[in-house]
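> Need coordinates for the following:
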Amino acid sequence: MRRSGGREDIASSALLWADCDDEHVARALRAFPLQPSIVLRSGTATNAHAFWALTAALSLHELESANRRLALALGADPRCVDGARILRVPGTLNFKGNPPRPVRLLRYSPARYRPADILAALPAAPAAPAVSDVGPAHSPRRASDPLLRIEPAEYVRVLTGREVGRDHKIACPFHHDHTPSLHVYPTPARGWTCFGCHTSTGRPLGGDIYKLASLLWGIPTNGRDFLALRDRLDHEFGVRRG
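Numbering: from 1, shown residues only. Predicted coordinates for the structure are as follows:
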């Protein structure tokens, strides 16, 4: 609706998308019953961006909910579901490698899907994450968990793809943030908190690595879901448990 390009400027969209960032996701994409209208080779290894053109536009809330469900169904990157996301464009270059690699159009189909047909093929929207239950800062569980010893600046960078600035802040991934308001503390015990949307654990301390991943990935932090969340974080950070 306006040129500033934030989430609040997005009226609606007739496209859904998924950032397919490894071979496992590529296989899931090939097996998905409703094949994307557009597939781009994003220039890094086998990574691809997939788009589904729709017969009707979705509101921002509907769009982001559907994108989260697509990411969940495919195992795609859950950090790339927001309405203001800018993905790579064919004919440009990806400068992550040396030499830079071209971004290419792999597939285009004029097919358009009814939103109801795509939504019917997707898992239910992830439940709201529960409050993390990793215990107080000096509990035995916290001391023995290697994930809880990772510096917040490092896990925030890996999970959000955003570098923490010298002011120890990033733009919050959970709300439109003109002025970076998610504060990253220097110690794992303090973690992080957003002073814009007040996202944290609800405890005096800030959120931890589990809380951040839970919110980004839509995986609750209790019961079997917590074990799945921990396994995914272990894989992400190369943690080996005995």
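> tell me the pLDDT at the residue nearest the centre of the chain?
With distances taken as CA atoms, centre = their mean, R79 lies nearest the centre of the chain, 1.8 Å away. At R79, the pLDDT value in this model is 76.
> how close does A18 sit to P36?
8 Å (CB to CB, to the nearest Å). All C-beta spots, glycine's among them, are computed from the backbone N, C-alpha and C.
> Residues touching the strand ranked longest in the chain, excluding its own?
In the chain, ranked by residue count with DSSP state E as the criterion, the top strand is strand 48-59. The contact list for strand 48-59, computed with CB atoms under 8 Å, 6 or more residues apart in numbering, reads 12-20, 26, 29, 34, 36-42, 66, 70, 87-88, 106, 111-115, 118.
> List the ones among the residues you listed that fall in strands.
Within these, residues falling in strands by DSSP E are 12-20, 38-41, 106.
> is it fair to say T193 lies in a strand?
Yes - assigned with DSSP: H, G, I helix; E, B strand; the rest coil, T193 falls within a strand.
> Surely it touches G207?
Yes - between T193 and G207 a contact is recorded at 6.1 Å, counting by CB atoms under 8 Å.
> The two: which has the busier surroundings?
G207 (26 against 22; other CB atoms under 10 Å).
> The more buried one and L182: what is the separation?
Counting by CB to CB - G207 and L182 are separated by 9 Å.
> ok, back up a step: who touches the residue nearest to the centre of the chain in this structure?
By CB under 8 Å, 6+ apart, the residues touching R79 are 19, 159-161, 173, 216.
> H235: which of these is nearest?
L159 (12.7 Å; CB to CB).
> show me what contacts that closest one?
If you count contacts by CB under 8 Å, 6+ apart, L159 has them with 79, 209, 212-213, 216, 236.
> Same list (these) but as a markdown table, adding distance to K96.
Formatted as a markdown table, those follow (distance: CB to CB, whole Å):
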| residue | distance to K96 |
| --- | --- |
| R79 | 16 |
| I209 | 25 |
| L212 | 24 |
| A213 | 23 |
| L216 | 21 |
| E236 | 18 |
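> right, and the pair among the residues you listed with maximum separation?
Largest separation among these by CB to CB: R79 and I209, giving 14.9 Å.
> that older thread, hmm, which of the contacts of R79 are the buried ones?
For these, a burial check counting by 16 or more other CB atoms under 10 Å picks out 19, 159-160, 173, 216.
> looking only at pLDDT, what's the mean for stretch 36-47?
Per-residue scores along stretch 36-47 average to 87.
> Centre of the chain to it, how far?
Taking CA atoms, centre = their mean, to the nearest Å, one finds stretch 36-47 lying 18 Å from the centre of the chain it belongs to.
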